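**Student:** How does the following fold in three dimensions:
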Amino acid sequence: MTHIRKIMLEELERRNYSQSTVRAYVSTITDVARYFRRPPDQLGPKNIREYQAYLFRERKLDANTVNQRTGALRFFFNTTLKKTWPMAETPYPRKVFRLPKVLSQAEVAHLIDSAATIFDRTIVMTLYATGMRRAELAALKIGDVDSERMVIHVRGGKGRKDRDVMLSPKLLEQLRQHWRALKRKSNEWLFPGNRWQTANRPITTNVVWRPCKETAQRAGLGPDIHPHTLRHCFATHLLEAGADLRTIQILLGHQDLEETTIYLHLSKLHRSFGNRIEVGGYPGSVCR
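**Tutor:** Predicted coordinates for the structure are as follows:
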């Protein structure tokens, strides 16, 4: 580990940044050094302008992705190296607002039914029935499932915040079926890692992607279904079932209510196209 990398990691740890943010920031600095074929501490504002343009022009990255990389660069130069220059030299690109894709409840039911294995079905059901982020699901422990109160405890979610999410009887039974199917029972993790699910560590966030992508293909729902799609479905269907925005904000773990208001538009959009499916309770009788 280089001296500069060590300092950057220490600065990130001092600020209690999440592991996903740490990985993204370190990856960005590695990428910019590789692009210029020079140590990153030898670069300046002119290089950063060139790199930003390269990300858009040649890499064709989304503006929101470039925004994250810009944040990593600002942190590296301003906080790690203590270099200062006008913020205008490294502007954040204008964000692009796109409505996320949301499946109907019938499509979600078809998606779940198309799962090839118990593991895949459990991952898809848990994402939809709880609205968890993929990192939160991957880190679930056995003790986080509270069958007496019918909630799942999410520990250290985004922003290092804990919260409880709903646990339906149908999801509880699916989790138990998943547990019974494990070849080796972990003493800690609900979803043990490695291809045989026998490791003394949890699955990675990349593992959560696979069931969503493969099951969506089997269901004929297209290639753009991912874990966050099911989170959007959870929130939208919950709103359409009559839940208020504040409740949805708490369940999703949003820091700002403004983040949650996007589902107002998605819900109205669904109603305007006649796609609303009446449900009693919460998203979908699919996972009740």
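**Student:** Could you pull out the buried residues of stretch 178-189?
**Tutor:** Using 16 or more other C-beta atoms under 10 Å as the test for burial, stretch 178-189 gives 178-179, 182, 186, 189. Every C-beta, even on glycine, is put in place using the N, C-alpha and C of the backbone.
**Student:** scratch that, stretch 137-151
**Tutor:** Neighbour counts over stretch 137-151 (16+ other C-beta under 10 Å) mark 137-140, 144-145, 151 as buried.
**Student:** among the residues you listed, which are in helices?
**Tutor:** Secondary structure defined by DSSP state H assigns 137-138 of those to helices.
**Student:** Closest one to residue 215 out of the buried residues of stretch 178-189, please.
**Tutor:** Distance ranking of the buried residues of stretch 178-189 against residue 215, using C-beta to C-beta, places residue 178 first at 14.8 Å.
**Student:** returning to what we had before: pLDDT-wise, what's the bottom of the buried residues of stretch 178-189?
**Tutor:** Lowest pLDDT of the buried residues of stretch 178-189: residue 186, 90.
**Student:** related to what we said a few turns ago, okay, the buried residues of stretch 178-189 in TSV with distance to residue 217 and secondary structure next?
**Tutor:** Formatted as TSV, the entries for the buried residues of stretch 178-189 read as follows, by distance: C-beta to C-beta, whole Å; DSSP: H, G, I helix; E, B strand; the rest coil:
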residue	distance to residue 217	secondary structure
178	22	helix
179	27	helix
182	25	coil
186	29	coil
189	27	strand
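**Student:** List just the nearest of these to residue 265.
**Tutor:** Using C-beta to C-beta, the shortest approach to residue 265 within the buried residues of stretch 178-189 belongs to residue 178, at 34.8 Å.
**Student:** Can you give me the distance of that closest one to residue 119?
**Tutor:** Counting by C-beta to C-beta, to the nearest Å, the separation of residue 178 from residue 119 is 7 Å.
**Student:** on that earlier part again, mind putting the buried residues of stretch 178-189 into JSON lines with distance to residue 165?
**Tutor:** Written out in JSON lines, the entries for the buried residues of stretch 178-189 read as follows (distance: C-beta to C-beta, whole Å):
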{"residue": "178", "distance to residue 165": "17"}
{"residue": "179", "distance to residue 165": "19"}
{"residue": "182", "distance to residue 165": "22"}
{"residue": "186", "distance to residue 165": "21"}
{"residue": "189", "distance to residue 165": "18"}
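**Student:** At which residues are the helices of the protein located?
**Tutor:** 3-14, 19-36, 45-57, 63-74, 105-113, 118-130, 134-138, 169-181, 205-219, 227-240, 245-252, 257-260, 262-272.
**Student:** Tell me which residues touch the nearest residue to residue 101 once chain neighbours are set aside, please.
**Tutor:** Closest residue in space to residue 101, ignoring its immediate chain neighbours: residue 229 at 5.7 Å, by C-beta to C-beta, 6 or more residues apart in numbering. Residue 229 sits next to 100-103, 212 when contact means C-beta atoms under 8 Å, 6 or more residues apart in numbering.
**Student:** rewinding a little: tabulate the buried residues of stretch 137-151 in CSV, adding columns for pLDDT and distance to residue 55.
**Tutor:** Output for the buried residues of stretch 137-151, formatted as CSV (pLDDT from 0 to 100; distance: C-beta to C-beta, whole Å):
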residue, pLDDT, distance to residue 55
137, 97, 30
138, 95, 28
139, 95, 30
140, 97, 34
144, 98, 38
145, 98, 41
151, 97, 41
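**Student:** Check the buried residues of stretch 137-151 against residue 263 and report the nearest one.
**Tutor:** Of all the buried residues of stretch 137-151, residue 137 has the smallest distance to residue 263: 20.1 Å, by C-beta to C-beta.
**Student:** which residues sit in contact with that closest one?
**Tutor:** The contact partners of residue 137, taken as C-beta under 8 Å, 6+ apart, are 123, 126-127, 130, 191, 208, 227.
**Student:** circling back: can you select the buried ones among the contacts of residue 229 for me in PyMOL?
**Tutor:** In PyMOL syntax, the buried subset of the contacts of residue 229 is picked out as below (16+ other C-beta under 10 Å):
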select buried, resi 100+102+103+212
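**Student:** which one of the contacts of residue 229 sits closest to residue 5?
**Tutor:** Relative to residue 5, and with distances defined as C-beta to C-beta, the nearest of the contacts of residue 229 is residue 212, at 33.0 Å.
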